[in-house]
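Colleague: Predicted structure and sequence below. I'll ask about it afterward.
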Amino acid sequence: MVCHGDPLIRRVFELYEKISSLDSLKPFKDVNTLFRQLVLTCTSDGHRHIDVAGLCEKAQEMRSDLTRLCGEAEGLLESHFATVLGSFDRPIENLTIKTISNWPSSSSPS
């Protein structure tokens, strides 16, 4: 079973503890920084695939709660940007849409 002894799992637990202790998940510097660190931790090239079914019970519970927290934060982020765009007289003129063809190569999905 994969649990706290694994450096990747340990780092995700550290970030989870910080994220779950935030007063709010609304877009803000601390929230953005922690979620950016979480994404970079989980997507860095140095980390191998972990079979989530093989996680210990505590890690499974953390993963489940972290998924909920990510969903909540994503909803608040979407609401924030919808409010910002909706505040313009001509929202479409203040929106830049990027397609996969013009993403920087380092950000392209695999």
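Modeller: It's in.
Colleague: Show the low-confidence segments of this protein, by residue range.
Modeller: Across the chain, the stretches falling below the confidence threshold (pLDDT under 70) are 1-2, 4, 45, 47, 98-110.
Colleague: count of neighbours near residue 19?
Modeller: By the other C-beta atoms under 10 Å criterion, the neighbourhood of residue 19 contains 20 residues. In short, each C-beta sits where N, CA and C put it, glycine included.
Colleague: so the closest residue to it other than its chain neighbours is in which element?
Modeller: In this structure, residue 19 finds its nearest non-sequential neighbour in residue 34, 5.1 Å apart by C-beta to C-beta, 6 or more residues apart in numbering. Counting by DSSP states H and E, the secondary-structure element that holds residue 34 is helix 29-43.
Colleague: Against which helices or strands is whatever helix or strand comes next after that helix packed?
Modeller: Downstream of helix 29-43, the first helix or strand assigned by DSSP H and E is helix 57-86. Applying 3 or more C-beta pairs under 8 Å, 6 or more residues apart in numbering; DSSP states H and E, one finds that helix 57-86 makes contact with helix 7-20, helix 29-43.
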